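Novice: pasting the sequence and the predicted coordinates here, then a few questions.
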Amino acid sequence: MNAVKGGAERVTAVDSSQPALALAAANAARNGCEGAIEFVHSDVQDFLGECVREKRTFDIVVLDPPKLAPSRKDLERAKGRYRKLNKAALQCVAPGGLLITCTCSSAMAQTSELLGVVRAAASECSRQVTVVRTSGAACDHPVSPSFPEGTYLQAYWVAVS
């Protein structure tokens, strides 16, 4: 909805949860965004793969998967999944566009692995990337220094050419 309110002509929202999509569609209707957002019920990897095959691109892709690394022992497996997702997402960003890639896995955020994953994914699909912004949780999500696991939200805003 923020994209629509900010002037986007077309928004595609993909989620594997039908209830989440129904809630999002109802929220869009309440906020005057109905018709401007296409809600797609699909696994995002499948959706991105289809877009790559069809050479469908977007000016901005926001990749915000669920927690893929619940703990550090899952980190290597998760890095592979993040790499595949980011590679497909990068292939769907139009030249000059933006990828906003996120993690909510503290194991990824605390080890700063996400940027390396993005770099590897970009190399695999021959895309040039430039980090234009790094962000995390908003100010309403404070983190105690005694609980570093609370620093689990991380996002890179990446210009793609």
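Specialist: Structure's in. What do you need? Residues are numbered from 1 along each chain as shown.

Novice: may I see the buried residues of the longest strand along the chain?
Specialist: Using DSSP state E to define each element, the chain has its longest strand at strand 93-103. For strand 93-103, the buried set under the neighbour-count rule, 16 or more other C-beta atoms under 10 Å, comprises 93, 97-103. No exception for glycine: its C-beta is placed from N, CA and C like everyone else's.

Novice: for the chain, where's the lowest mean pLDDT among helices and strands?
Specialist: None of the helices or strands of the chain scores lower by mean pLDDT, DSSP states H and E than helix 106-111, at a mean of 84.

Novice: still on that earlier bit, what's the average pLDDT for the longest strand of the chain?
Specialist: For strand 93-103, mean pLDDT rounds to 97.

Novice: what pairs with that strand, parallel or antiparallel?
Specialist: Here strand 93-103 is paired, per DSSP bridges, with strand 58-63 (parallel), strand 154-160 (antiparallel).

Novice: how distant is the first one from the center of its chain?
Specialist: Counting by C-alpha atoms, centre = their mean, to the nearest Å, strand 58-63 is centred 8 Å from the centre of its parent chain.

Novice: can I get whichever strand or helix holds Ala22 in PDB? Just the C-alpha atoms.
Specialist: Using DSSP states H and E, the element containing Ala22 is helix 18-30. Extracted in PDB, the C-alpha atoms of helix 18-30 (Å, rounded to 0.1, in the frame of the first residue of the first chain):
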ATOM      1  CA  GLN A  18      -3.900 -17.400   1.400                       C
ATOM      2  CA  PRO A  19      -5.100 -16.000   4.800                       C
ATOM      3  CA  ALA A  20      -2.300 -13.400   4.700                       C
ATOM      4  CA  LEU A  21      -3.300 -12.400   1.200                       C
ATOM      5  CA  ALA A  22      -7.000 -12.100   2.100                       C
ATOM      6  CA  LEU A  23      -6.100  -9.900   5.100                       C
ATOM      7  CA  ALA A  24      -3.800  -7.700   2.800                       C
ATOM      8  CA  ALA A  25      -6.600  -7.400   0.200                       C
ATOM      9  CA  ALA A  26      -9.100  -6.300   2.800                       C
ATOM     10  CA  ASN A  27      -6.600  -3.800   4.200                       C
ATOM     11  CA  ALA A  28      -5.900  -2.500   0.700                       C
ATOM     12  CA  ALA A  29      -9.600  -2.000   0.200                       C
ATOM     13  CA  ARG A  30     -10.000  -0.100   3.500                       C
END
